[in-house]
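In: next comes the sequence, and after it the predicted model I'd like to discuss.
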Amino acid sequence: MIALLAQVEIRDRAAEDGCVAGNGFCPGWIADNLDRYLEPFWQHVYLSIVAVVVGFAIAFALALLAHERRWLVGPIIGITGVLYTLPSIAVFFLLQPITGRGALTALIALTAYTLLILFRNIVTGLENVPSETKDAARGIGYTDRQVLWKVELPLAMPEIIAGLRIAATTTVGLATLAFFAGAGGLGGEIFADITFKSNVVFAGGLCLALAILLDVMLLAAQRLLLPWRRAVAT
Amino acid sequence: MTSSNTAQAEGPDAYREATTLELRRVSKTYPGSDRPVISDLSLEVGAGEICVLVGPSGCGKTTAMRMVNRMVDMTSGDILVGGRSVRARPAAKLRREIGYVIQQIGLFPHQTIGENVAAVPRLLGWDRRRTEARVDELIALVGLDAELRDRYPAQLSGGQRQRVGVARALASDPPLMLMDEPFGAIDPINRERLQNEFLRLQGRLRKTVVFVTHDIDEAIKMGDKIAVMKVGGVLAQYASPAELLTAPADEFVEDFVGADRALKRLALLRVRDVDLWRAPLVREGEPTAAARARVAESDLPYPLLVDADGRPLGWLSERDLARERVRAPADSGPEPVVDRDAVLRDALADILQAGTQYAPVVDGAGGAVGVLSIDVVGHFLAQGDTTEESPSARAGVDP
Ligand SMILES: Nc1ncnc2c1ncn2[C@@H]1O[C@H](COP(=O)(O)OP(=O)(O)OP(=O)(O)O)[C@@H](O)[C@H]1O
Ligand SMILES: [Mg+2]
């Protein structure tokens, strides 16, 4: 397949100026061709964020369920673990007969991939809440629901955000494969001419920038929302 | 929110009435075990009293306490708070009306000290202004610096955290407080300070308090009544500290109270509770004949030189009375001088420390009222006399 891809070229590069013809890194060419990356970039953002948000919603619901029924933790880790290890490309092709080509197929695979990380981190976060803190909360009159929302979840937030950071960066990376499912994204551009340096470096750089941006945003959210963390750390 | 909450004025002198607590034949067997942890426990605690549960580790003190706020469900029997069964209310509602200091403090690490203290008022739906005012008041009440309000628990010392735990439990001004080894994890010096401060606070607040400890000295110091428990949750004796020390119900209590229980009684008494010796008081310049006569009829062979206001200046010897008039200065200073309101144990410690046999006793104005001697204390202990006084009164608060 790579051999096949390698034959694809963005244009007849030989006809271009020296830099492009010599397959160097050509800022000029990138500036002239910015347009072609815009739509795939936003598609990449869309795929990554939807996958992480939906993945989080599912993992969160599963974690709350497992928090009440501990025996569910093992089986859920088992199932999401299998989803995590399945190669994404295989999943794309397996899903295609059912969901067709397009964003839906890619999103299902990407979402499935986030579940293990997110579920495990939420459950660990909840488990790490000191039992005396929960006991004190119940003892002064918090209902079970208040204990969960006002004590356990806030205290689990550092672990939850850590999980989100890993999920977000890996999903941005994996979403480069989404074009195999016909869902576009920056991967489509990378593989449009995988031998052309300027193209690969710029499209790959956009992925990296997106991953870093999401990570920094989550880190900032943690700083802003969890001022007590710094008190505990020092 | 209850109407008594809203009707309550701000300020430490407007606290809610204390309530009575009664355990009626309460038993508890944890699921999966066939031996009861609490067996047929009956206790009555009067309004405004401190009841201390004491006993060896694992005897069921925590369990007994946690059945009161239904953190543990009793297997049989009933518990009445203010005459009303604890089962008559939803558990969360009941708990908001009972202050609870858990054994491990359990502050919320993600909330500031102010937010921790405000936890119960917020559950009760108090408005912001009232909650804020209450938090400020409580932080001052438990002796914390106002600037700690915006810190997190991780930034406090152990002793400060204990105080926050107590403040949080007091927040809704509950008529009943449950305190599970509240000063357990603290060094002896700070522990004593916290104990004294709590007793002083109790002198003002007059809560009904159940206080758990495994330390008999703390029990004697803090309790109006002490419930000594044996493993299996059996009540060995329920009595005032003085009664417990003078008349232990059985060998277990006697062992638990310790072989030095006579000495422990000294902590319950004040200097004024024993018969003091009359001291031969003499003043500078007075005729020695009168002074000698006074020495002859007193319990002590040495005259005590006092100033014009009767304050002790020092001890004189026979030699000083040899002339016409009493001459000053004295051979030796009056130290140690003990206050008649001082705890007897502390006074005795002062005397022993100074290497003497006796010390002048003074009243609040500093005037000598008699002499405390080691003989008198020994004699007094042998009599087995008991004097009852509330712990907060002993800690120096006039009720
Ligand atoms: N949740 C529980 N399930 C089963 N047994 C329990 C439970 N909690 C306590 N026990 C048992 O009940 C007994 C009394 O425990 P409890 O915590 O009331 O003792 P305690 O007097 O407070 O001891 P300590 O001074 O060590 O705090 C112990 O033997 C303990 O093992
Ligand atoms: Mg205990």
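Out: Cool, the structure landed. Ligands and ions are numbered 1, 2, ... in the order given.
In: where do the strands sit along the stretch 251-399 of chain B?
Out: Assigned by DSSP state E, counting those that start in this stretch, the stretch 251-399 of chain B shows strands spanning B:281-283, B:304-306, B:312-315, B:338-339, B:358-362, B:368-373.
In: what do you get for the stretch 101-250 of chain B?
Out: For the stretch 101-250 of chain B, strands defined by DSSP E, counting those that start in this stretch occupy the ranges B:176-180, B:208-213, B:225-230, B:234-239.
In: which one of the ones you listed is the most hemmed in?
Out: strand B:208-213 (a mean of 26; mean count of other C-beta atoms under 10 Å in any protein chain shown). For every residue, glycine as well, the C-beta is placed using N, CA and C.
In: given it, what are its sheet partners and their directions?
Out: Applying DSSP bridges, strand B:208-213 is found paired with strand B:50-54 (parallel), strand B:176-180 (parallel).
In: mean confidence score for the first one?
Out: Going back to what we said before, that points to strand B:50-54. The pLDDT scores in strand B:50-54 average 95.
In: and after it, which helix or strand comes next?
Out: Using DSSP states H and E, the helix or strand that directly follows strand B:50-54 along the chain is helix B:61-68.
In: need the residues that contact that next one.
Out: Residues outside helix B:61-68 that contact it (C-beta atoms under 8 Å, 6 or more residues apart in numbering or on different chains) are B:21, B:23, B:26, B:28, B:37-38, B:41, B:53-55, B:72-74, B:79, B:81, B:86, B:98, B:103, B:176, B:178, B:180, B:210, B:212, B:214, B:229, B:233.
In: tell me which residue is most central in chain A.
Out: Most central in chain A under C-alpha atoms, centre = their mean is A:Thr171, positioned 2.5 Å from the mean C-alpha point.
In: how far away is that residue from A:Val54?
Out: From A:Thr171 over to A:Val54 the distance is 11 Å, taken as C-beta to C-beta, to the nearest Å.
In: helices along chain A, start to end?
Out: Ranges of helices within chain A are A:2-6, A:18-21, A:27-32, A:35-68, A:73-85, A:88-99, A:103-127, A:131-139, A:144-146, A:153-174, A:186-192, A:197-225, A:227-233, based on DSSP state H.
In: any low-confidence regions in the chain?
Out: All of this refers to chain A. A:1-17, A:233-234 (pLDDT under 70).
In: actually, chain B is the one I wanted.
Out: In chain B (pLDDT under 70), the answer is B:1-16, B:321-322, B:324-326, B:328-331, B:383-388, B:395-399.
In: outline the domain layout of it.
Out: Using automatic domain parsing, the domain ranges for chain B come out as B:6-97+B:174-258, B:272-383.
In: can you map out the helices along the stretch 1-150 of chain B?
Out: Applying DSSP state H, counting those that start in this stretch to the stretch 1-150 of chain B gives helices spanning B:3-7, B:61-68, B:91-96, B:113-117, B:119-123, B:128-141.
In: in CSV, list the ones you listed along with mean neighbour count.
Out: Below are those laid out as CSV (neighbours: other C-beta atoms under 10 Å in any protein chain shown):
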stretch, mean neighbour count
helix B:3-7, 11
helix B:61-68, 23
helix B:91-96, 20
helix B:113-117, 24
helix B:119-123, 22
helix B:128-141, 17
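In: what about B:Thr29, distance to chain A?
Out: Distance, B:Thr29 to chain A, by C-beta to the nearest C-beta, to the nearest Å: 21 Å.
In: could you measure from A:Asp193 over to chain B?
Out: Distance from A:Asp193 to chain B, counting by C-beta to the nearest C-beta: 51 Å.
In: now that residue: phi and psi?
Out: Main-chain torsions, A:Asp193, degrees, to the nearest 10: phi -160, psi 80.
In: list the residues that contact residue 148.
Out: No chain specified, so I'll use chain A. A:Leu64, A:His67.
In: think we crossed wires, I meant chain B
Out: B:Leu148 is in contact with B:Ile113, B:Ile139, B:Leu156, B:Gln160, counting by C-beta under 8 Å, 6+ apart.
In: separation between the last one and B:Arg149?
Out: Just to be clear, that refers to B:Gln160. 12 Å.
In: pull up the residues of chain A that are close to chain B.
Out: Residues of chain A lying close to chain B (C-beta under 8 Å from any C-beta of the partner chain) are A:130, A:132-133, A:135-143, A:146, A:151, A:154-155, A:226, A:228, A:231-232, A:234.
In: can you turn the buried part of those residues into a PyMOL selection?
Out: Buried members of the residues of chain A next to chain B, defined by 16 or more other C-beta atoms under 10 Å in any protein chain shown, are picked up in PyMOL with:
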select buried, chain A and resi 133+135+136+137+138+139+140+141+142+143+146+151+154+155+226+228+231
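In: ok, the closest residue to B:Leu138 other than its chain neighbours to chain A distance?
Out: Using C-beta to C-beta, 6 or more residues apart in numbering or on different chains and skipping residues adjacent in sequence, the residue nearest B:Leu138 is B:Ala167, 4.3 Å away. According to C-beta to the nearest C-beta, B:Ala167 and chain A sit 12 Å apart.
In: what sits against B:Ala167?
Out: Applying C-beta under 8 Å, 6+ apart to B:Ala167 gives the contacts B:Val117, B:Leu138, B:Ile139, B:Leu141, B:Val142, B:Leu144.
In: got a list of what the fifth one touches?
Out: Shown here is B:Val142, whose contacts under the criterion C-beta under 8 Å, 6+ apart are B:Arg163, B:Val164, B:Val166, B:Ala167, B:Leu170, B:Glu197, B:Leu201.
In: and what of A:Thr105?
Out: A:Phe92, A:Leu95, A:Gln96, A:Thr99, A:Ala181, A:Gly182, A:Ala183.
In: and it, how far is that from A:Ala90?
Out: Taking C-beta to C-beta, one finds A:Thr105 at 12 Å from A:Ala90.
In: in space, what's closest to the residue of chain A found nearest chain B - neighbours in sequence excluded?
Out: Using C-beta to the nearest C-beta, the closest approach of chain A to chain B is made by A:Ala136 at 2.8 Å. Leaving out its chain neighbours, the residue that sits closest to A:Ala136 by C-beta to C-beta, 6+ apart is B:Gly106, at 2.8 Å.
In: give me the phi and psi for the residue of the stretch 101-250 of chain B found nearest chain A.
Out: Closest residue of the stretch 101-250 of chain B to chain A, C-beta to the nearest C-beta: B:Gly106 (2.8 Å). Main-chain dihedrals, B:Gly106, degrees, to the nearest 10: phi 60, psi 40.
In: which ones are touching it?
Out: Neighbour list for B:Gly106: A:Pro130, A:Glu132, A:Thr133, A:Asp135, A:Ala136, A:Ala137, A:Gly139, B:Gly165 [criterion: C-beta under 8 Å, 6+ apart].
In: before I go, just wanted to say thanks for your time.
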